[in-house]
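1. take a look and give me a structure for this.
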Amino acid sequence: MFKSIVEAVFSHAEKQSGKLCLADETCSVTYGEYKKEICRIAALLKELGIKKDSKVVAEASQTVNFLALELAIQLLGGVFVPLEHNCSFEKAVKIADVCEAVLLVTEKEAPDECGITHFTMSGLCKAVTEFMPLRNYRFPERNDVSELLFSTGTTGKEKGIIITHGNNIALAENVIYGVELREDNVELIPSPMNHSHGLRRYYANMYKGASVVLISSVMNVLGFFRLMDTYGVNSIDLVPTALSVLLRLSKGKLGEYKDALRYIQLGSAPLAEGDKNTVCALLPDTHLYNFYGSTESGCICIYDFNDGRDKPNCIGKPTHNAKITVVDENRQTIVSSADNTGLLASFGPMNTPGYWRDEEETRKALQNGTVYSNDEAYIDQDGDIILLGRKGDTINVGGNKVSPDEIEDAAKKHPDIADCGCIGVRDELRGSQPKLYVKLKYGREFDAVSIRDFLSANLEYYKIPGQIEQIDEIPRSFNGKLLRRELRIINENKESN
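-> Predicted coordinates for the structure are as follows:
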């Protein structure tokens, strides 16, 4: 129906001007007010020379103003380039240079001359008050570039993932159909708005004409529940680490909302078994969804933890616009099974057209509109997709393929283990074997025998780690994703010494 998210927002503003659109920790706007603010910012941006294909780099924040800036850029045909909150100014200038941006917006003042037109967000908001809302505009087309999402890895070069307006519409539909999102949805989103996870949940609600409430961190538990009460929140989007923090700090308070919450949706990293069980006990009638995907292809699989199947390593079935296949190393589709695994590939209108000015990386990931992942998996007899892990993460133990995620899920149930990570290491007899790194709960003593006995009661014999080692901290990304590469480096350094 709509060609872009900004067109959807403006359409809803005409039909339901007084309905709550967005709220953050300090303010809220209706759809009518949001449209007016977007048009005011667009008028300023037009004065600054922003036009079709102009790149604007902006430091993210969980605020109405930041998201209004995004849609104002896109209303003019510009390209939104979000960066993580509190990123260094040096990095912001570097990304602006890479994508040839004409404007940079950050939270703080520039430390020195940066060679590009620069505003602080507060300065931009102040300047906007001098402008009347833009009246003459054309909505972008589906194939126009909407945003560049740069990877935030600490090693290697930054990759700018191109996202079109058509991609965002298809991704919004995947979320809407996946969680059965309704027009009266009020969704609380703490996920960072520079990251595809949070952005795409926001897009889904805007496309549907629902409402979004933003908060900067679940660490602010009082603020979290205050916003839930103030705006009548009936759904929540979280990454698994945020859910873990919320459960720990709120001490069961989430259960008070069991009659209000329709769903909690998760993504970006696997959900710990213990947290899943806790949420299902606190909120027995609330759907707990997990989305699988990547920035390149978005939320392409969904699994409902409440459906009673409880399959280990299951990521569910394809979402509305996604076609999923399993391919071999030559990218040929195979009939997969537990004994004949391959790599996941996805096709659909949500897939990126490629990387910003990087033909080599585009060829590695894409072919004829299909995104090829390095995730090893198979499709079982029920049509469910079983994910074994990244290629290279799966451990081949004497011909048996072992998912490290399964070992970690089992280990996290041990009463002494706070966190853990599993990798494959060389083994003379079996080729490779699992090695488990564990972080203990405060005050507990390390007992490898106890942990091994515990795992023996919960896993097949060939999945039992040959080595179990204590570590101070399990390396994870900002959204809780386990950094196995870091564990491998730790292991290699130990072996070399």
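2. okay, which residue is most central for the chain?
-> Nearest to the mean C-alpha position of the chain, by Cα atoms, centre = their mean, lies residue 197 at 2.9 Å.
3. which residues of this structure score low on pLDDT?
-> Low-confidence segments of the chain, defined by pLDDT under 70, are located at 152-157, 268, 270, 308-309, 399, 478-479, 497.
4. top helix in it by residue count?
-> helix 31-47 (DSSP state H).
5. just checking, what packs against it?
-> Counting contacts by 3 or more Cβ pairs under 8 Å, 6 or more residues apart in numbering; DSSP states H and E, helix 31-47 is packed against helix 5-15, strand 20-23, helix 64-75, helix 121-128. C-betas here are computed from N, CA, C, even on glycine.
6. so which of those comes closest to residue 205?
-> Closest of the helices and strands packed on helix 31-47 to residue 205 is strand 20-23, at 9.0 Å (criterion: Cβ to Cβ).
7. contacts for the closest one next, please.
-> For strand 20-23, contacts defined as Cβ atoms under 8 Å, 6 or more residues apart in numbering pick out 9, 12-13, 28-31, 33-34, 64, 67, 186, 206, 211-214, 227, 230-231.
8. for this protein, just list every one of the helices.
-> 5-15, 31-47, 64-75, 89-98, 121-128, 165-179, 196-208, 221-231, 240-250, 273-282, 359-365, 404-411, 448-456, 484-496.
9. flag every buried residue along the last one.
-> I take that to be helix 484-496. 484, 486-488, 490-491 (16 or more other Cβ atoms under 10 Å).
10. that one packs against which elements?
-> Counting by 3+ Cβ pairs under 8 Å, 6+ apart, helix 484-496 packs on strand 417-427, strand 431-440.
11. got JSON lines for those, with distance to residue 44 and mean neighbour count too?
-> Putting these into JSON lines (distance: least, Cβ to Cβ, whole Å; neighbours: other Cβ atoms under 10 Å) gives the following:
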{"stretch": "strand 417-427", "distance to residue 44": "46", "mean neighbour count": "20"}
{"stretch": "strand 431-440", "distance to residue 44": "49", "mean neighbour count": "21"}
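12. redo the ones you listed as a markdown table? Include distance to residue 110.
-> Output for those, formatted as a markdown table (distance: least, Cβ to Cβ, whole Å):
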| stretch | distance to residue 110 |
| --- | --- |
| strand 417-427 | 39 |
| strand 431-440 | 40 |
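13. those: which one's closest to residue 93?
-> Closest to residue 93 of the helices and strands packed on helix 484-496 is strand 417-427 (Cβ to Cβ; 34.8 Å).
14. between that closest one and helix 448-456, how big is the angle?
-> Between strand 417-427 and helix 448-456, the angle comes out at 90 degrees (axes from the mean of the first three to the mean of the last three Cα atoms, to 10 degrees).
15. rewinding a little: how far away is the residue nearest to the centre of the chain from residue 149?
-> Applying Cβ to Cβ, to the nearest Å, the value for residue 197 to residue 149 is 11 Å.
16. then residue 130?
-> 32 Å.
17. please identify which of the two sits among more neighbours.
-> Higher neighbour count among residue 130 and residue 149: residue 149, with 23 against 10, using other Cβ atoms under 10 Å.
18. hang on, the earlier thing: of the contacts of strand 20-23, just the buried ones, ChimeraX syntax please.
-> Here is the ChimeraX command that selects the buried residues among the contacts of strand 20-23 (16+ other Cβ under 10 Å):
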select :9,12,13,28,29,30,31,33,34,64,67,186,206,211,212,213,214,227,231
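19. before we move on, the earlier item: closest one to residue 460 among the helices and strands packed on helix 484-496?
-> Closest among the helices and strands packed on helix 484-496, once you apply Cβ to Cβ, is strand 431-440, at 11.4 Å.
20. by contact count, what packs against that closest one?
-> Here strand 431-440 touches strand 395-397, helix 404-411, strand 417-427, strand 467-470, helix 484-496, going by 3+ Cβ pairs under 8 Å, 6+ apart.
21. so which of these gets nearest residue 350?
-> That would be helix 404-411 among the helices and strands packed on strand 431-440, by Cβ to Cβ, at 24.5 Å.
22. residues in contact with that closest one: which ones?
-> Residues outside helix 404-411 that contact it (Cβ under 8 Å, 6+ apart): 270, 272-273, 312-313, 387-389, 393-395, 417, 420-424, 434, 436, 438, 451, 454-455, 458-459, 463, 465, 482, 484.
23. run the last query once more with 6 Å
-> Here helix 404-411 makes contact (Cβ atoms under 6 Å, 6 or more residues apart in numbering) with 270, 273, 312-313, 389, 393, 417, 420, 422, 434, 455, 458-459, 463.
24. go on, stretch 288-304?
-> Residues outside stretch 288-304 that contact it (Cβ under 6 Å, 6+ apart): 149, 161, 171, 174-175, 178-179, 196, 263-267, 271, 279, 287, 305-306, 314-316, 318-319, 322, 346, 350-352, 371, 385.
25. equivalent analysis for stretch 369-377, please.
-> Counting by Cβ under 6 Å, 6+ apart, 296-297, 341, 344-347, 351, 385-388, 390-391, 394 sit against stretch 369-377.
26. how about a cut-off of 7 Å?
-> If you take Cβ atoms under 7 Å, 6 or more residues apart in numbering as the criterion, stretch 369-377 is touched by 294, 296-297, 326-327, 331, 341, 343-347, 351, 365, 385-391, 394.
27. now do stretch 445-452
-> By Cβ under 7 Å, 6+ apart, the surrounding residues in contact with stretch 445-452 are 411, 414, 438, 440, 464, 468, 470.
28. next: stretch 109-127.
-> With Cβ under 7 Å, 6+ apart, stretch 109-127 has contacts from 44, 48, 61, 65-66, 89, 93, 96, 101-108.
29. ends of it, how far apart?
-> End-to-end distance of stretch 109-127: 15 Å, with Cα to Cα, to the nearest Å as the criterion.
30. list the buried residues for that stretch?
-> Counting neighbours by 16+ other Cβ under 10 Å, stretch 109-127 gives 110, 114, 116, 118-119, 121, 124-125 as buried.
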